[in-house]
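**Student:** Predicted coordinates and the sequence they were generated for:
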Amino acid sequence: MNERTLIITGGSRGIGKSIALLFASSGYSIAIIYAGNDEKARETVEECRAFSVKAEAYKCNVASSEKVKETVAAIRKEFTGISVLVNNAGITRDGIAAMMKDEDWNDVIDTNLRGSFLMIRNTIPLFLRNKGGRIINISSVSGLMGNPGQANYSASKAGLIGLTKSIARELAQKNITCNAIAPGFIRTDMTKNLENTPLISSIPLGRMGDAEDIARTALFLASSPYITGEVIRVDGGLAM
Ligand code: NAP
């Protein structure tokens, strides 16, 4: 059978790990990109390999144009059939706008938005060779609704939605789709301080989501050739 490969940024932990494992269990080879947590990356690679698929991890800051170029070239040498890119790597540096430091604004925009663009730009040639592809960007309800204390993060996630729609229009004729998922509050390291706070009672379904909820939506989009430019909320009704 022809190899089908997923490239996932931020695949070592949290939502990205769940996506990597669900795709591995569906027979995809997995190329994980992570920032620095070698142990978590190694663990996730081992768990993917337990599904008898190829899996490798690559340490790469997605905000670095050079590193992204090098890393995608390394993945291209190792894997064939690169058909799905999930831009999931993301960070927060919360604070009220009046006090926000330049570096906190820049780090969040560079990682969440620029990083996704750099990954897309470098992966397009691989999709063209493959005669199609699926790009899935992990945005956030913060990008839809705004959130006090998250001007940088909300701007990056709203920007991802504009990026998604432009890429969807630009590449539709090449059988490359581009969609976004907007998670609400999902239980991961990023949100460990939110459990049992009043914020959770504002979710119509009354609870936080699990990383698997996002993973199932990503797998659905990866297998949906006629959906492009869409933003799917997976948020328990939070942003309706
Ligand atoms: P997480 O548990 O904090 O994991 C973040 C992942 O991103 C890790 O694998 C980390 O690598 C990687 N990463 C961070 N900066 C990177 C960089 N510069 N280059 C490459 N990789 C980098 O986050 P999460 O909660 O799973 O969130 C995943 C995505 O969902 C993010 O984009 C986030 O904004 C979005 N999201 C999350 C929620 C939520 O409730 N959790 C809600 C809405 C949207 P290391 O392990 O090496 O550090």
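**Tutor:** Received it, and whenever you're ready, just let me know what you need. Residues are numbered from 1 along each chain as shown.
**Student:** for this protein, which spans come out with low pLDDT?
**Tutor:** Regions of the chain meeting the criterion pLDDT under 70 cover residues 1.
**Student:** Kindly report the residues of this structure close to the ligand.
**Tutor:** Within reach of the ligand by CB under 6 Å from any ligand atom, the chain has these residues: 9-10, 12-16, 33-37, 40, 61-63, 88-91, 111, 138, 140, 183, 185-186, 188-191. Where you see a C-beta, it was placed from the backbone N, CA and C, and this is true even at glycine.
**Student:** Can you turn the buried subset of these into a selection I can paste into PyMOL?
**Tutor:** Entered in PyMOL, the line below selects the buried ones among the residues of the chain next to the ligand, by 16 or more other CB atoms under 10 Å:
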select buried, resi 9+10+12+13+14+15+16+33+34+35+40+61+62+63+88+89+90+91+111+138+140+183+185+186+188+191
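**Student:** Hmm, residue 34 and residue 41 touching each other?
**Tutor:** Yes: Residue 41 lies in contact with residue 34 (CB atoms under 8 Å); the separation is 4.5 Å.
**Student:** shared neighbours of the two, anything?
**Tutor:** Both residue 41 and residue 34 are contacted by 11-12, 57, 59, under the criterion CB atoms under 8 Å, 6 or more residues apart in numbering.
**Student:** So which of these sit within helices?
**Tutor:** With DSSP state H as the criterion, helices contain none of those.
**Student:** Can you tell me which of those residues are buried?
**Tutor:** 11-12, 57.
**Student:** State the distance from residue 239 to residue 122.
**Tutor:** Computed as CB to CB, to the nearest Å, the residue 239 to residue 122 distance reads 31 Å.
**Student:** Could you tell me which residues make contact with the residue in the chain sticking out farthest from the centre?
**Tutor:** Residue farthest from the centre of the chain, counting by CA atoms, centre = their mean, is residue 98 at 29.0 Å. By CB under 8 Å, 6+ apart, the contact list for residue 98 is empty.
**Student:** Secondary structure of it: a helix, I assume?
**Tutor:** Yes: checked against DSSP: H, G, I helix; E, B strand; the rest coil, residue 98 lies within a helix.
**Student:** TSV for the shared contacts of residue 41 and residue 34, including distance to residue 128?
**Tutor:** Compiled in TSV, these are given as follows (distance: CB to CB, whole Å):
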residue	distance to residue 128
11	23
12	28
57	26
59	27
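**Student:** Now flag whichever of those is closest to residue 145.
**Tutor:** Nearest to residue 145 among these: residue 11, at 26.8 Å, using CB to CB.
**Student:** Now do the strand ranked longest in the chain: which elements does it pack against?
**Tutor:** In the chain, with assignment by DSSP state E, the single longest strand is strand 176-183. In this structure, strand 176-183 makes packing contacts with helix 115-129, strand 133-138, helix 141-145, helix 151-171, helix 211-222, strand 231-234, judged by 3 or more CB pairs under 8 Å, 6 or more residues apart in numbering; DSSP states H and E.
**Student:** most tightly surrounded among the ones you listed?
**Tutor:** Greatest average neighbour count among the helices and strands packed on strand 176-183 goes to strand 133-138 (a mean of 26), per mean count of other CB atoms under 10 Å.
**Student:** what about that strand, distance to the chain center?
**Tutor:** Relative to the mean C-alpha coordinate of its chain, strand 133-138 is positioned 8 Å out (CA atoms, centre = their mean, to the nearest Å).
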